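Let me see the structure of the following:
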Amino acid sequence: MHFTHADSVAVLMSGGLDSAILLGAALQTSAKVFPLYVRCGLHWEAVELKHTRRFLVALERPALQPLTILDVPVSDLDANHWSVTGCNVPGADTPDEAVFLPGRNVLLLTKSMLWCHLHGVSAVALGVLGSNPFPDATPGFFSACEALVNRAVGGSVRIWTPFVQMHKTDVMHLGRELPLQYSFSCISPVDERHCGQCNKCQERRNAFRDAGMIDLSAYSN
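Modelled structure (predicted):
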């Protein structure tokens, strides 16, 4: 893992394992860490945000700054998409490509970088893995996005992807001492718990199993 030391860094929080572990790593190297949550109006976000707040409370450190929520609504792009309606959510047996949300990193990073630029934060970090198959998760995309947004505002905010050459199991090992039971990975929550039947729940279960770690997550099934 390569995580550059900095006075300040913003960490994009998605509620899931990778961003939770990334936040823990950032707290070891940066004087101020700003958790950012970008709310897009997706079906699972209300529950995910509650879990994110619980994780932040459990992880409290002097360097950890209050959670900032940025709004980037997407329902006007496709109001009938499963991510908005919660209907026909990709199940446990679907491939990673089934949960692709086109342009998601474009939306997340653009507003996050602008926030960093306006607040004097030197970098924004996200927990993308080397196995991520999506076109907006490549080194070329991140480099181009960084250059374009900075050019637009005369800025110098960096995009950091310290897990981009790592596999999920390696990242999980970095988070062994973190309160990962408060993270949240589900795209079809049931009574504020993991449904246990969607693509992301299966990915979560596999992550704990492959890392040889106990999964304390609450599943509905």
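
which residues of the chain score low on pLDDT?
1-5 (pLDDT under 70).

which stretches of it form strands?
For the chain, the strands defined by DSSP state E occupy 6-12, 30-39, 68-71, 123-125, 158-160.

any idea how far the closest residue to Thr161 other than its chain neighbours is from Gly16?
Excluding its sequence neighbours, the residue lying closest to Thr161 (CB to CB, 6 or more residues apart in numbering) is Val128, at 5.1 Å. Where you see a C-beta, it was placed from the backbone N, CA and C, and this is true even at glycine. To Gly16, Val128 is 11 Å away according to CB to CB, to the nearest Å.

Compare neighbour counts for these two and give me the winner.
Val128 (25 against 22; other CB atoms under 10 Å).

Report the separation between that one and Gln197.
From Val128 to Gln197 the distance is 25 Å (CB to CB).

Would you confirm that Ile159 contacts Glu146?
Yes: taking CB atoms under 8 Å as the definition, Ile159 is a contact partner of Glu146 at 4.5 Å.

Overlap of the contact sets of the two?
Shared contacts of Ile159 and Glu146 (CB atoms under 8 Å, 6 or more residues apart in numbering): Met113.

List the residues that contact the closest residue to Asn105 other than its chain neighbours.
Of all residues not flanking Asn105 in the chain, Asp136 sits nearest, at 4.0 Å (CB to CB, 6+ apart). Taking CB under 8 Å, 6+ apart, we find Asp136 in contact with Gly103, Arg104, Asn105, Val106.

Show me those that map onto helices.
Arg104, Asn105, Val106 (DSSP state H).

Just give me the neighbour total for the first one.
Other residues within reach of Arg104 by the criterion other CB under 10 Å amount to 19.

Spit out the contact partners of it.
Counting by CB under 8 Å, 6+ apart, Arg104 touches Asp136.

How about the second one?
When contacts are counted by CB under 8 Å, 6+ apart, Asn105 is found next to Leu126, Val128, Phe134, Asp136, Ala137, Phe141, Cys145.

This protein: helices as residue ranges?
Taking DSSP H, the helices of the chain run over residues 17-26, 45-58, 82-85, 104-119, 139-153, 168-174, 199-211.

Pick the most buried one from the ones you listed.
helix 17-26 (a mean of 24; mean count of other CB atoms under 10 Å).

What helices and strands are in contact with that helix?
Under the contact criterion of 3 or more CB pairs under 8 Å, 6 or more residues apart in numbering; DSSP states H and E, helix 17-26 touches strand 6-12, strand 30-39, helix 168-174.

separation between the residue nearest to Val106 when sequence neighbours are not counted and Lys200?
Once flanking residues are discounted, Val106 sits nearest to Asp136: 6.0 Å by CB to CB, 6+ apart. Noted for Asp136: a distance of 18 Å to Lys200, by CB to CB.

I figured Gln202 hits Pro90, correct?
No: applying CB under 8 Å as the test, Gln202 and Pro90 come out as separate, 9.8 Å apart.

Contacts only, for the residue nearest to Thr161.
Val128 neighbours (CB under 8 Å, 6+ apart): Asp18, Asn105, Ala137, Thr161, Phe163, Val164.

Quick check: the farthest pair among these?
Farthest pair in the contacts of Val128 (CB to CB) is Asn105 and Phe163. Separation: 14.1 Å.
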